[in-house]
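*Asks:* Sequence first, then the predicted structure, then my questions.
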Amino acid sequence: MAEQFLNPSLTVDAVALRKGPGGTEALLIRRGNEPWKGKLAFPGGFVDYGEDPIDAVLRELLEETGVIGSDPQLLAVHGDSKRDPRGHIVSVFYKVTVREDSVLIAGDDATNAEWITIGELQADDVAGDHIRVIEMLSE
């Protein structure tokens, strides 16, 4: 009989930045589904079984924003078992390079995709603990 383990789920989030007129801007989506429906978040989602997280972050970025990314670089890992109401979910945040003039097309579970000046964001506008990454980028 196979031994059963309780394992966390793995998600990835794409952090794309550019210089804007008001300071550094991040490419964010507005969530279309719970949890955090209507809140801003970095484009991301669950890693499929057998998928490399680096491939997953580029796939999720494309699915949710219509933007092709490249050169994912590890930025942060959030793994607090209480960070997500769906269960123990570990998220790997990657800084991703994108063309700053890419046309944004919201898709998948995103209702909108836009460049937002990170200095203007408030914690209650942002999904889950994504504000921690925004604060880290603001330092």
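*Replies:* Arrived safely.
*Asks:* Tell me where the model's unsure across this protein.
*Replies:* Where the chain drops to pLDDT under 70, the residues are 1-2.
*Asks:* one more time with 80
*Replies:* Along the chain, segments meeting pLDDT under 80 span 1-3, 139.
*Asks:* So in it, which helix runs the longest?
*Replies:* Secondary structure of the chain read by DSSP state H shows that its longest helix is helix 53-65.
*Asks:* chain center to that one, what's the gap?
*Replies:* Computed by C-alpha atoms, centre = their mean, to the nearest Å, the chain-centroid distance of helix 53-65 equals 9 Å.
*Asks:* Pull out the buried positions in that helix.
*Replies:* For helix 53-65, a neighbour-count test (16 or more other C-beta atoms under 10 Å) marks Pro53, Ile54, Ala56, Val57, Leu58, Arg59, Glu60, Leu61, Leu62, Glu63, Glu64, Thr65 as buried. Just so you know, the C-beta spots here come from the backbone N, C-alpha and C atoms, and that holds for glycine as well.
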